[in-house]
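>>> Need the 3D shape of this:
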Amino acid sequence: MSGLVNALVIVAVIAFVVVRQCSAQQISGDRRWWVLPGVLLVMALREPGLVDPRHEALSVVILGAELAVGLVTGAGWAWTARLWRAEDGTLWSRGTRATAYVWTGGLILRAALYGLAVALGIHQGGPALMMALAVTLLVRSGVLARRAAEISQSHRGSAEGVPLRTSGKDRV
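All right, here's what the predicted structure looks like:
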């Protein structure tokens with residue numbers, strides 16, 4: 001795939017995710033939460049340029065740091081999301097102000113890693129960014145699915161329409 005197509009895929013996925021995060025989304029019992037991150041991961045692994053051949057060791061270290069940032073960002077994103085059960089029993093999720101802080105922190109860390117790579121002369125292409133985005137989405141979706149599964153049916157009668165695991169600081 002060309003660099004332009006990679007860039008368009010990355011921008012489209014980020015736009016899709018941000019729009020969905022900013023609005024309330026019903027959490028379904030669908031077990032295909034891993035499909036989009038899986039597709040991104042496969043695309044990243046199929047592309048050449050994941051690791052800079054001129055600086056393999058440093059490139060792998062930077063990629064590892066990028067994946068660690070993705071892991072922490074995805075987990076933070078999922079744990080700061082507001083979950084609630086509607087009156088009809090459906091489970092909903094929405095990002096909070098804390099979620100926006102997590103996203104901003106993740107972007108700043110990624111920009112710093114990219115700047116470090118440039119300063120060291122390491123080329124990081126679209127596949128590295130795609131892989132980090134896949135890890136972020138995979139961890140976020142997995143943690144959110146786990147949080148949703150942990151909500152017992154006993155909450156149904158007593159907490160309908162009431163946010164679960166939230167504090168007063170996380171209102172959007």
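
>>> Give me the contacts around stretch 91-111.
18, 21-27, 66, 69-70, 72-73, 76-77, 80-86, 132, 136, 144, 148, 151, 166, 169-172 (Cβ atoms under 8 Å, 6 or more residues apart in numbering). Yep, even glycine has a C-beta here, placed from its N, CA and C like the rest.

>>> What's the separation between the closest residue to Gly121 other than its chain neighbours and Arg46?
Excluding its sequence neighbours, the residue lying closest to Gly121 (Cβ to Cβ, 6 or more residues apart in numbering) is His55, at 6.7 Å. As for His55, its distance to Arg46 is 22 Å (criterion: Cβ to Cβ, to the nearest Å).

>>> if you count what's nearby, which of those two comes out ahead?
With neighbours defined as other Cβ atoms under 10 Å, His55 and Arg46 compare such that His55 has more, 16 against 10.

>>> List the backbone torsions phi and psi for the nearest residue to Cys22 once chain neighbours are set aside.
Distances taken as Cβ to Cβ, 6+ apart place Gly95 nearest to Cys22, at 6.2 Å, with adjacent residues excluded. Main-chain torsions, Gly95, degrees, to the nearest 10: phi -70, psi 160.

>>> Contacts only, for Met130.
Counted by Cβ under 8 Å, 6+ apart, Met130 has contacts Asn6, Val9, Ile10, Leu40, Leu41, Met43, Ala44, Glu47.

>>> got the buried residues for the helix or strand it falls within?
Element membership of Met130 [criterion: DSSP states H and E] is helix 126-150. Using 16 or more other Cβ atoms under 10 Å as the burial criterion, the residues of helix 126-150 that qualify are 126-145, 147-148.

>>> Before I go, just wanted to say thanks for your time.
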